[in-house]
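Novice: next one to model:
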Amino acid sequence: MQLGDVVNGDAAPFGKPLDGVRILALEQMQALPFATQLLGRLGAEVVKVEPPGRGDSGRGSLPAMADPDGRLVGATFLRNNLSKRSVCIDLKSAEGRQLVLDLAPGFDVVAENSKAGSMDRLGLGYDDLAAVHPRCIYVSVSGFGTTVDTPYRSWPAFAPVIEAMSGIYDLRQEGDDPPAVAPVGALGDIGAALFAVIGIQAALTHRDRTGEGQHVDIAMLDSVIAMTDIVMNFWSLGLPSGTPPALIMHAFRASDGWFVLQVGREPQFAALVDLVGHPEWATDERFATRHGWLEHLEDVLRPAIEGWAASQTRDEACAALAAAGLAAGPVRRDEELVTDRHVANRAMAVEMPRTDEVDQPVLVPGNPVRMSKVAMGPETRVPWLGEHTDEVLGGELGLGAERLADLRTRGVIE
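Specialist: Numbering: from 1, shown residues only. Coordinates of the predicted model:
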């Protein structure tokens, strides 16, 4: 695969909403890279700053593929960095930090997701950037935020840690079994990323109106608390931790696997029991309250539902439930997801050809934001480490070959 090859879509016939917006991203792993990749899909230009040598720590994750130089590029990096340019700068060196300060005025947004206080100690915090670029939108994504006091400010944070602290693991825990860790992937990362995108777009609109830049501060814990809103809401309404809400929200077995069904209202319950052959249960005293549905889920309802579904596939059972006005969906396996017609029709699987003689391309989720007057794609493969250092520093700062070679020899850039 050659530099700049398109991996998704053709040349866009329409403009995109963030065309002309430029983002300088001092980022790693997933929380911020997911956000900047999404912004790139909406038209923003993203220049990614990575440390020399190892680069973004997401490059070191597993599984991985090899780049053209034989260096491993990990899954976390592969799924979060389409259509970006990579510049390697050593932020621990004074000259490297000055390069970032020199670059900043050419960008609308400077974003970072280091531990709180790290950028301030390097002289690259909000005040430092605002001094050289007052219109700058400065974005911080961290575990616990950077602008308000918190007892956890100095704690390192990854998605499962944040998710655990939100209370959702305890709410969903059953008996004495250990809590299920990371049950839906990186909710903590992607949740924070989505709020970062919202904050950036709002700050850009505010700047267009006022001419002022500002600091957008996103805490992963805040983001997950917002996304797991039932935890504090249910507590405030008197539902103890560990008590399931009064609705059927469970998995049931069909002939070829499991499907999930949710029933939360009395008309839905009546439709369900009618479908499975027991319309009399709609007026049965055992099911007079929603709590009764749960009390008799395992001894009465599950056998009836699974008996009805035993001769059907997951898809057949879910189609019948949908026709009755009930929400249900099959529990898909990974190989089923990537070949699903919905995924294909909505371009939700982006193929990036591998560079290490493996035929199976790397699959990355596509852009979930569809707009009627904005084209999907094009996108280009992830950048190799430092692939665009000379291009960016030469084009943005006018550094010549001799100056670049000197900085590279002294390890300031790669």
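Novice: flag the shaky bits of the stretch 251-400 of the chain, pLDDT-wise.
Specialist: Filtered on pLDDT under 70, the stretch 251-400 of the chain yields no residues whatsoever.
Novice: run the last query once more with 90
Specialist: Counting by pLDDT under 90, the ranges of the stretch 251-400 of the chain that qualify are 355, 357, 373, 375-378.
Novice: ranges for the helices of it?
Specialist: 266-275, 290-295, 302-309, 314-323, 334-338, 341-345, 389-397 (DSSP state H, counting those that start in this stretch).
Novice: of these, which is nearest residue 239?
Specialist: helix 290-295 (11.4 Å; CB to CB). Just so you know, the C-beta spots here come from the backbone N, C-alpha and C atoms, and that holds for glycine as well.
Novice: give the buried residues for that closest one.
Specialist: 290, 292-294 (16 or more other CB atoms under 10 Å).
Novice: alpha carbons of it, as CSV, please.
Specialist: Provided in CSV are the C-alpha atoms of helix 290-295 (Å, rounded to 0.1, in the frame of the first residue of the first chain):
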residue,chain,number,x,y,z
ARG,A,290,-43.6,-5.6,36.7
HIS,A,291,-41.7,-7.0,39.7
GLY,A,292,-43.8,-10.1,39.2
TRP,A,293,-42.3,-10.5,35.7
LEU,A,294,-38.9,-10.8,37.3
GLU,A,295,-40.0,-13.0,40.2
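Novice: which residues touch that helix?
Specialist: Under the criterion CB atoms under 8 Å, 6 or more residues apart in numbering, residues 244, 246-248, 263-264, 266, 269, 286-287, 301 lie in contact with helix 290-295.
Novice: what about 6 Å?
Specialist: 246, 248, 286-287 (CB atoms under 6 Å, 6 or more residues apart in numbering).
Novice: ends of stretch 159-179, how far apart?
Specialist: With CA to CA, to the nearest Å as the measure, the ends of stretch 159-179 fall 15 Å from one another.
Novice: distance from that stretch to the middle of the chain?
Specialist: 20 Å (CA atoms, centre = their mean, to the nearest Å).
Novice: could you pull up the residues touching residue 124?
Specialist: 97, 100.
Novice: check what pLDDT it gets.
Specialist: Each residue has a pLDDT score; the one for residue 124 is 98.
Novice: report the secondary structure state of it.
Specialist: coil (DSSP: H, G, I helix; E, B strand; the rest coil).
Novice: before we move on, the earlier item: of the helices of the stretch 251-400 of the chain, which is nearest residue 30?
Specialist: helix 334-338 (19.1 Å).
Novice: show me what contacts residue 173?
Specialist: residue 179.
Novice: distance between the longest helix belonging to the chain and the chain's centre?
Specialist: In the chain, taking DSSP state H as the definition, the longest helix is helix 187-210. With CA atoms, centre = their mean as the basis, helix 187-210 stands 14 Å off its chain's centre.
Novice: would you mark the buried spots in that helix?
Specialist: 187-197, 199-201, 203-204, 207.
Novice: tell me, how many neighbours does residue 32 end up with?
Specialist: Residue 32 has 28 neighbours, counted by other CB atoms under 10 Å.
Novice: excluding chain neighbours, give the residue nearest to it in space.
Specialist: residue 113 (3.8 Å; CB to CB, 6 or more residues apart in numbering).
Novice: any stretches of the stretch 1-150 of the chain with poor pLDDT?
Specialist: Ranges of the stretch 1-150 of the chain meeting pLDDT under 90: 1-15.
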